[in-house]
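Novice: Sharing a model prediction with you, sequence too.
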Amino acid sequence: MTDHADAGESGKTEIDENAAGPADVRDWLVRQEAKRAFVWLGIAGAIVMAVYLAQPLIVIFAGIVFAAMIDGGQRLLARVLPVSRSIRIAIVMLAAVLFMVWLVLFAGSQIADQAAALPKLVMTEAQRLSDLARAHGLISQTVDIPALSGKIAEQLAGGVGPVTHALGGLLGGLTTAFLIVILGIYFVLEPDLYQGGVAWLMPSANRDSWRETAQQMGHTLRRLLFGRLIGMASEGFAMWILLSVWGVPMAALLGLLTGLLAFLPNIGAPISGGLTILVGFSAGFNTGIYCIVVYAIVQIIDGNIVVPMVAKKTADLAPALVLGAQLIFGVLFGLLGLVLADPMVAMLKIALKRQAQSNADSAGTPESKRGGVA
């Protein structure tokens, strides 16, 4: 009683430092619910941040894809060239630069002239086809092909330079391509540094699983891109040779476009085939029929021989799933999203499969069967 009286007289109250404070929650259930609430808030915040940072993130992913292509090339060289990894990377990069130089010096003038004439020729033939369809009652009104093509080109180019869209046009696209190349070089030179950095941000219990997932993603991405490059080379070269035999105008350009568009599954082949057929009919009815036959032969051989042979060692992706992803990413990010839709779907598939496997393994542990896992 004396101590309480003295405390009251002095106007001071002793505070027990070990006592629970207003921020302490003793109830276990309340703590668990609070943790879950913070997790959901964190997920919501991450989604909001991803929306605002979506365009830079797609450029970073493009850098990862480019790094996987370089890494795949140096791994192939490692089978025949016993030198250090950095030297193999330099050889791959040098070969890519030399190919671009060859393309510009030896084929650039011819392809440039053809590329300058192609848009006008395609629009002329497309307008004639539109007028023919209207004359036969297939469409109700004439389609303004130049205006329509301008709108399509504007939408496709919307994602070419997402980071530097303020620069606009060709400069923005070149700047984005430069950033992708630089990021890819950094990623491929020190992959363990960036993979370990991401692992460090995760809980220690999940780091080994993340490393295994990252390795599987890289393995699948390299094989996927290798398959795409094989398809691009085979389709482009075959189209160029077969069109040149008949004397089809712009055979070299059409072969190049066919090879480049082969990187886009589902939609690349119809686009390149449509361009080839339009150019063929511009040179005559027989040439147009020949272009249809060539397009059919190339696609049949590629679809029944090349693709199945390569698909055994690459990611098994459902065509409808890839097409849906291309539609979504094409709308969100333009041409860049369209190009990266296929690799992104492959990576998401691996991540989901790994997570499902981890959940199945956790469900089979004795602790989870006893209800010990929260």
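Specialist: Good, I have the coordinates.

Novice: Now for the chain: which helix has the highest residue count?
Specialist: helix 319-363 (DSSP state H).

Novice: What mean pLDDT does that one get?
Specialist: Per-region confidence: helix 319-363 scores 83 on mean pLDDT.

Novice: From residue 345, how far off is the closest residue to residue 358 other than its chain neighbours?
Specialist: Residue nearest to residue 358 in three dimensions, not counting chain neighbours: residue 209, with 6.2 Å by C-beta to C-beta, 6 or more residues apart in numbering. C-beta here means a position set from N, CA and C on the backbone, and glycine is covered the same way. Computed as C-beta to C-beta, to the nearest Å, the residue 209 to residue 345 distance reads 21 Å.

Novice: Residue 204 now?
Specialist: 30 Å.

Novice: These two: who's more crowded?
Specialist: Between residue 204 and residue 345, counted using other C-beta atoms under 10 Å, residue 345 has the larger neighbour count: 20 against 8.

Novice: Now do the same contact list for the closest residue to the more buried one other than its chain neighbours.
Specialist: In space, and not counting its chain neighbours, residue 345 is closest to residue 325: 4.7 Å by C-beta to C-beta, 6+ apart. Neighbouring residues of residue 325 by C-beta atoms under 8 Å, 6 or more residues apart in numbering: 341, 342, 344, 345.

Novice: Looking at the residues you listed, spot the one nearest residue 55.
Specialist: The closest of those to residue 55 turns out to be residue 344 (C-beta to C-beta; 14.3 Å).

Novice: which secondary element of this protein has the worst mean pLDDT?
Specialist: When the helices and strands of the chain are scored by mean pLDDT, DSSP states H and E, helix 366-369 comes last with a mean of 46.

Novice: Buried residues, stretch 232-241. List them.
Specialist: 232, 234, 235, 236, 238, 239, 240 (16 or more other C-beta atoms under 10 Å).

Novice: ok, residues contacting that stretch?
Specialist: 251-252, 254-256, 258-260, 262-263, 269, 272, 276, 294-295, 298, 301-302, 306.

Novice: Kindly reformat the contacts of residue 325 as JSON lines containing distance to residue 215.
Specialist: Rendered in JSON lines, the data for the contacts of residue 325 read as follows (distance: C-beta to C-beta, whole Å):
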{"residue": "341", "distance to residue 215": "23"}
{"residue": "342", "distance to residue 215": "20"}
{"residue": "344", "distance to residue 215": "18"}
{"residue": "345", "distance to residue 215": "19"}
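
Novice: Out of those, name the two that are farthest from one another.
Specialist: Farthest apart among the contacts of residue 325 by C-beta to C-beta are 342 and 344. That separation is 7.3 Å.

Novice: Looking at the two, which one has more neighbours?
Specialist: residue 342 (25 against 17).

Novice: list the contacts for that one?
Specialist: 224, 228, 264, 265, 317, 322, 325, 326.

Novice: what secondary structure does the fifth one sit in?
Specialist: The local conformation at residue 317, judged by DSSP: H, G, I helix; E, B strand; the rest coil, is coil.

Novice: so it touches residue 345, yeah?
Specialist: Yes - between residue 317 and residue 345 there is a contact at 5.9 Å, judged by C-beta atoms under 8 Å.

Novice: about what we covered before: so which of the contacts of residue 342 is surrounded by the most neighbours?
Specialist: The most crowded member of the contacts of residue 342 is residue 224, carrying 24 neighbours; neighbours defined as other C-beta under 10 Å.

Novice: which stretches of the stretch 51-200 of the chain have low pLDDT?
Specialist: Scanning the stretch 51-200 of the chain for pLDDT under 70 picks out the ranges 106-116, 136-173.

Novice: Helices of that one, start to end?
Specialist: Assigned by DSSP state H, counting those that start in this stretch, the stretch 51-200 of the chain shows helices spanning 54-78, 85-106, 108-135, 145-156, 169-189, 191-200.

Novice: tell me the most buried of these?
Specialist: helix 54-78 (a mean of 19; mean count of other C-beta atoms under 10 Å).

Novice: what inclination does that helix have with respect to helix 85-106?
Specialist: Helix 54-78 and helix 85-106 are oriented at 100 degrees to each other (axes from the mean of the first three to the mean of the last three C-alpha atoms, to 10 degrees).

Novice: so what does helix 54-78 touch, helix or strand wise?
Specialist: helix 85-106, helix 169-189, helix 204-246, helix 319-363 (3 or more C-beta pairs under 8 Å, 6 or more residues apart in numbering; DSSP states H and E).

Novice: Show me what secondary structure element comes after the third one.
Specialist: This points to helix 204-246. Next along the chain after helix 204-246, taking DSSP states H and E as the criterion, comes helix 251-261.

Novice: who touches that next one?
Specialist: With contact meaning C-beta under 8 Å, 6+ apart, helix 251-261 is reached by 107, 110-111, 114-115, 118, 232-233, 235-237, 239-241, 243-244, 248, 268-269, 271-272, 275-276, 279, 298.

Novice: Name the residues of that helix that come out as buried.
Specialist: Within helix 251-261, the residues scored as buried using 16+ other C-beta under 10 Å are 251, 252, 253, 254, 255, 256, 257, 258, 259, 261.

Novice: Output those residues in CSV; the columns should cover pLDDT and distance to residue 178.
Specialist: Formatted as CSV, these follow (pLDDT from 0 to 100; distance: C-beta to C-beta, whole Å):
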residue, pLDDT, distance to residue 178
251, 86, 32
252, 84, 27
253, 83, 25
254, 87, 28
255, 88, 27
256, 86, 22
257, 86, 23
258, 89, 27
259, 87, 23
261, 86, 23
